[in-house]
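**Student:** using only what follows, build the 3D model:
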Amino acid sequence: MLRRTKIVATLGPATDDPKVLDEMIHAGVDVVRLNLSHGTDEEHRTRAETLRNRARASGRQIGVLADLQGPKIRIGRFIHGSVRLFEGDAFVLDAACPLDSGDQEHVGLTYPQLVEDVARGDTLLLDDGAIALWVESVTESQIHCKVVVGGKLSDSKGINRQGGGLSAPALTEKDREDIVFCAEMGADYVAVSFVRSADDVNQARDLLRRAGGKGGIIAKIERAEALENIDEIIDAADAIMIARGDLGVEIGDAELPAVQKNLIKHAREINSVVITATQMMQSMIESPIPTRAEVFDVANAVLDGTDAVMLSAETSVGVNPPKVVEAMSRVCLEAEKQAVARTSTHRLDSIFGRVDEAIAMATMYTANHLGVTAIAALTESGSTVKWMSRISSGIPIFALTRHVATRRKVTLYRGVYPVSFDVESPDIREVNQEVIDELLRRGTVRDGDLVIITKGDRSGVEGQTNIMKVMRVGEHIVQPNGEIS
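**Tutor:** Coordinates of the predicted model:
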C-alpha cells in the first residue's frame, strides 16, 4: 500500500550524516524543510544539495521547502541567561534596554515598535504561552506588566499578544535576502511566516520571481488576523501550513483543534494544499516511540484530509530522525485504511471552469466507481494531478512529467507520486503502452487491472489535458461505442 499523506521533515545537525539522510529517504520522507531561522546559507545549500544527490541515487524525487524566519518578536538576553518570575511580580519589557542586560526587573526587545501595539489590559504571552504578562501601563519605551503566569524565562524567547494584532510586517529585511537565496538554491517551496493577508503572499511571490525563483509559496497560518482573511490567503498561496505553535498561543489552545479541522476542510474544498505542523511527534526528539496522544494527533490530521504532516525538531535535532519518519509513516498508513480517508463527495455539484479541471474530476469519479487500480496523468505543470488529489481516494495518482520542477512540486500533493516520463512518440497508442509499461515496471499494476490515463492531444503544452482513457492492462479496453470489453 502506497502512503498517500506526505511527510515533511526538517533538516538540521541531526541529519547531516549522509547515512542518516539515506535512512530517512528509505523511511519515506517526501519533502525536506530548511528552517532559515537557524544556520547559515552555506549550511542550508549543502543540506539541499546533499539531499537531492542522495535522493537521486535512491531513485526518489524529494521536494525542498525553505521556511522564512519572519518577524519573530523576541525579548533580549539576561545577564545570567535566565530569571524566574513569580505570579504578581512587576516586570518591564523595555525597548530602550540593551539587548544583553536583562535582569529580574526588566529585559530588552528585538522589536521596539511593540510599545505602539499594546495597551493597558492586553495579555502578552512569552515562550509559547509558558509565561503570561498582563499590561498595566505603556510609556514611550516601556511596557509595564504584572506576571499572571510565572516560571523560568530565558534568553530570546518569543512574544505574542493574546488575540493577535501586532503590526510587524510578514517580510523582514532578512526574509527579503533569504528569498533571493531561495531562488539561487532552487527551492521548490518558500514558506512565508506570520502571513496576515494575500498581499504578504503576493509580495513574497513577486520577490521570488524577480530573483529568478520558480517555487511555490506556502502561507503559514500562525496569526489570529490570518483567520479573518483566510479565503484570500488560500486563494493567493500554493499551499497553507497550519503552524500550531504561534497560532495556538494567539487564539488559545482550546480553540486550536476546531480551527485546524476547519482549515484542512476549507483548503481542500477550494482546491488548495495544506500542511499540518508543530509538535506532531515532539516526544521523539528524545524518545524512540511516540506517545499515544501524538499517534492520535497525526492520525486525526490524516483522517481530516491533510496533504502533509510535518516534523520539526524531531528530525532536525532529535536522537533518531529515521525512526521518527518511520513512526509517522506507520501511523499515516493505518489511518488511510479507514473508509473516511478513501471516500469523497467533493464537488459533485460543481460547475467546472476549465476542461483540464473537468477531466481531473471525471477521472476521480470514474476511478472511484469502476475499480481502477491506478491513475497515470501526463502533466506539464501538475495542475491536473493537484485537482485529482483533492478527491479522497485509495487509488494512486502518478504524475508523469519530463519537468524536474513539476516532479518536485507534486511531492507535497496527497496521493500523488512523481514519475520521470518524456513523450517521444507521436503515436497515441505507443504512448499509452509506454505508460502501462512504466506502471508494470513499478509493480503498481498487473495484467487485467484497469488504468486511467489522462493527457492532452497537444503534447507538451501546459493546461491542455483534455483526454481521459480507460485501459485494461494487457488488453485494448475502450471500443468505439464506449463500452468496456
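**Student:** for burial, what's the neighbour tally of the nearest residue to A96 once chain neighbours are set aside?
**Tutor:** Leaving out its chain neighbours, the residue that sits closest to A96 by CB to CB, 6 or more residues apart in numbering is S141, at 4.2 Å. Every C-beta, even on glycine, is put in place using the N, C-alpha and C of the backbone. Residues lying near S141 (other CB atoms under 10 Å) number 14.
**Student:** how about S141, phi and psi?
**Tutor:** Main-chain torsions, S141, degrees, to the nearest 10: phi -130, psi 0.
**Student:** pretty sure it sits against V92.
**Tutor:** No - counting by CB atoms under 8 Å, S141 does not reach V92; the two are 9.8 Å apart.
**Student:** ok, now which ones touch L440?
**Tutor:** Going by CB atoms under 8 Å, 6 or more residues apart in numbering, L440 touches 446, 473.
**Student:** would you verify that it is located in a helix?
**Tutor:** Yes - membership of L440 in a helix is supported by DSSP: H, G, I helix; E, B strand; the rest coil.
**Student:** what's the pLDDT at it?
**Tutor:** For L440, the pLDDT comes out at 95.
**Student:** what's the helix or strand for the residue nearest in space to the middle of the chain?
**Tutor:** Nearest to the mean C-alpha position of the chain, by CA atoms, centre = their mean, lies I275 at 3.6 Å. Assigned by DSSP states H and E, I275 belongs to strand 273-277.
**Student:** give me the sheet partners of that strand and which way each runs.
**Tutor:** Its sheet considered, strand 273-277 pairs with strand 239-243 (parallel), strand 308-311 (parallel) by DSSP bridges.
**Student:** what's next to the longest one, contact-wise?
**Tutor:** Outside of strand 239-243, the residues that reach it under the criterion CB under 8 Å, 6+ apart are 189, 191, 193, 216, 218-222, 233-234, 259-260, 263-264, 267, 272-278, 307, 310, 412.
**Student:** next one: stretch 227-238
**Tutor:** Residues contacting stretch 227-238 (CB under 8 Å, 6+ apart): 189, 195-198, 201-202, 205, 216-219, 221, 226, 240, 251, 259, 263, 266-267, 270, 272-273.
**Student:** of the residues you listed, which belong to helices?
**Tutor:** Taking DSSP state H, the ones among the contacts of stretch 227-238 that sit in helices are 198, 201-202, 205, 226, 251, 259, 263, 266-267.
**Student:** could I get those as a markdown table with neighbour count?
**Tutor:** Listed next are these as a markdown table, based on neighbours: other CB atoms under 10 Å:
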| residue | neighbour count |
| --- | --- |
| A198 | 17 |
| V201 | 24 |
| N202 | 14 |
| R205 | 20 |
| A226 | 24 |
| I251 | 19 |
| V259 | 19 |
| L263 | 24 |
| H266 | 15 |
| A267 | 25 |
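**Student:** and which of those is nearest to T401?
**Tutor:** Closest to T401 out of the ones in helices among the contacts of stretch 227-238 is R205 (22.1 Å), distances taken as CB to CB.
**Student:** find me the pLDDT at the residue nearest to I217 when sequence neighbours are not counted, would you?
**Tutor:** Spatially, and ignoring its direct neighbours in sequence, I217 is nearest to R205 (4.9 Å; CB to CB, 6+ apart). Looking at R205, its pLDDT is 98.
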